[in-house]
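S.K.: quick one: sequence plus predicted model below, questions after.
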Amino acid sequence: MTTNTQTTNEALLARRKAVLPTGLGVAFPIFAEKAKNSEIWDVEGKRYIDFIGGISVLNTGHSHPKITQRVHEQVDKFTHTAAQIVSYESYVDLAEKLCEKAPISGPTKALFLTTGAEAVENTIKIARAKTGRPGVISFVGGWHGRTLMCMSLTGKVLPYKKNFGPMPGPVFHALFPAEELNITEAQALHSLDMIFQADIDPSEVAAMIIEPIQGEGGFHQVTPSFAKALREICDEHGIVLIFDEVQCGFARTGTLFAGEQLGVEPDLMTTAKSLAGGYPVSAVVGRADIMDAPQVGGLGGTYSGSPIALAAALAVIEVIEEENLLERSVVIGDTIAEFLKGLNLSSIGNVRYKGAMLAFDLVDSEGKPDAAATANLKQKSFEQGLLLASCGMYGNAIRVMVPLTVEDEVLQEGLDIIKGILTA
């Protein structure tokens with residue numbers, strides 16, 4: 001690639017600092033010039049292997065040719081009408097496909113928005129409209145977005161909630177069961193019972209929202225037994241059960257939606273991120289009687305269901321099917337897990353994954369979370385041309401969100417960088 005001699009990362013960082021707020025952080029001091037599949041080149045021509053995928057947005061890789069072609073075709077037709085003013089066939093096409101593929105039986109309907117946070121907010125609106133109740137229950141470690149309502153739902157204070165209160169309510173957080181966090185399913189269900197006893201009667205709860213696999217919280221997984229228990233509680237009290245699949249959806253876990261593997265149906269679910277391969281669109285899919293609860297005009301948004309993003313999303317579904325990305329996700333996850341376990345390092349703690357949604361903990365000599373070692377791995381990997389992201393309540397988990405289209409040799413190259421640093 002030809003280096004842009006007019007621009008440097010350092011110069012752009014200086015310009016960025018002058019005009020962008022401090023609160024808008026950036027993980028790496030580089031600026032992208034070009035990206036293809038699982039690789040990024042910065043403005044100075046340096047290549048990076050991308051194990052982050054735009055925070056799990058690029059399951060189909062950077063600039064997939066089929067998706068790019070469909071976007072160009074749509075741009076040549078029209079770019080925007082506002083779907084509530086003049087609609088277009090792609091809106092109906094994608095809604096039909098998602099209703100068919102969502103793990104919800106019976107009549108279903110879909111709504112398109114712009115961001116994952118918008119989708120989450122609309123599930124709460126819809127649930128409240130259906131039940132006439134105000135309360136919402138989410139889970140510790142859960143991540144649901146950065147708007148005020150979504151921050152209230154999110155189960156982590158720093159850096160997402162500090163200085164932004166008070167939060168909208170009534171929202172209450174139950175424990176999320178995870179063996180690696182020493183929280184059992186019995187303890188989590190007990191914490192839910194304590195909420196019903198101490199904070200809000202279940203007859204006042206509109207919705208319960210949970211990620212089938214936590215994203216920011218550390219890639220901890222809901223088990224089928226816990227999902228079943230939540231379903232039974234929601235059925236008993238008339239509570240709407242919501243699966244937030246913004247991050248774990250769209251082929252990342254070996255099925256199109258992670259919830260398919262739980263044997264439990266939600267009433268509503270969200271999806272976004274990799275839904276459109278890098279173009280901003282999100283969706284709410286749910287039982288038709290619940291989706292129809294809001295009055296006419298109660299749902300929507302100026303950019304909701306962008307025709308450009310919908311064209312991309314329709315292409316993404318084709319790519320997932322044609323390139324067997326569900327199967328590929330399982331192969332990638334198994335490959336990375338076997339590689340990490342094969343290193344036989346005491347510094348690597350729990351390795352958890354479902355498909356290619358994988359995270360591993362770094363721990364110290366006493367087996368305690370080692371956030372410093374995690375930061376060191378990220379920094380040294382960056383210096384060697386590999387982009388890694390962390391997550392978890394203790395900041396000691398590395399999460400892998402590499403595109404499912406990654407070439408085998410590029411995947412191995414990235415893994416070898418990790419090995420060299422951890423075994424040094």
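M.R.: Okay, I see it. In this text the structure is predicted, and so the values were computed from the model without any measurement.

S.K.: tell me the SS of the most centrally placed residue in the chain?
M.R.: Nearest to the geometric centre of the chain sits Q247, at 1.6 Å (CA atoms, centre = their mean). The three-state label given to Q247 by DSSP: H, G, I helix; E, B strand; the rest coil is coil.

S.K.: in contact with it, which residues?
M.R.: I55, S56, G116, W143, E211, I213, G215, K273 (CB atoms under 8 Å, 6 or more residues apart in numbering). To be clear about C-beta, it is placed using only N, CA and C from the backbone, and glycine gets the same treatment.

S.K.: how about 6 Å then?
M.R.: S56, G215, K273 (CB atoms under 6 Å, 6 or more residues apart in numbering).

S.K.: which pLDDT value goes with it?
M.R.: Predicted confidence (pLDDT) at Q247: the value is 97.

S.K.: state the distance from it to Q214.
M.R.: 9 Å (CB to CB, to the nearest Å).

S.K.: count of residues packed around K130?
M.R.: 22 (other CB atoms under 10 Å).

S.K.: same question but for G135, I mixed them up
M.R.: 24.

S.K.: pLDDT at it, what is it?
M.R.: Value listed for G135 in the pLDDT field: 98.

S.K.: can you list the buried residues in the top helix by length along the chain?
M.R.: Using DSSP state H, we find that the single longest helix of the chain is helix 325-343. Buried residues in helix 325-343, counted by 16 or more other CB atoms under 10 Å: 325-326, 328-333, 335-337, 339-340.

S.K.: ditto for stretch 169-189
M.R.: 171-178, 180-181, 183, 185, 188-189.

S.K.: can you list contacts of it?
M.R.: 134-141, 152-153, 155, 191-192, 195, 199-200, 220, 226, 229, 350.

S.K.: check the buried residues of stretch 169-189 and tell me the two furthest apart.
M.R.: Greatest spatial distance among the buried residues of stretch 169-189 (CB to CB): V171 and E180, at 25.5 Å.

S.K.: tell me the confidence at the residue lying closest to T79 once chain neighbours are set aside?
M.R.: Leaving aside its chain neighbours, T79 sits nearest to I308 (6.0 Å; criterion: CB to CB, 6 or more residues apart in numbering). We have a pLDDT of 98 for I308.

S.K.: I308: how many residues sit nearby?
M.R.: Around I308 there are 21 residues (other CB under 10 Å).

S.K.: shouldn't it be in contact with D76?
M.R.: No: with contact defined as CB atoms under 6 Å, I308 does not count as touching D76 (10.9 Å).

S.K.: just the buried residues of stretch 169-189: which are in helices?
M.R.: Judged by DSSP H, the subset of these located in helices is E185, A188, L189.

S.K.: count of residues packed around the nearest residue to Q214 once chain neighbours are set aside?
M.R.: Distances taken as CB to CB, 6+ apart put H220 closest to Q214, at 4.7 Å, once the chain neighbours are dropped. Using other CB under 10 Å, H220 has 26 neighbouring residues.

S.K.: for C391, see how far away H220 is.
M.R.: 10 Å.

S.K.: just I332 next, same as before
M.R.: Applying CB to CB to I332 and C391 gives a distance of 18 Å.
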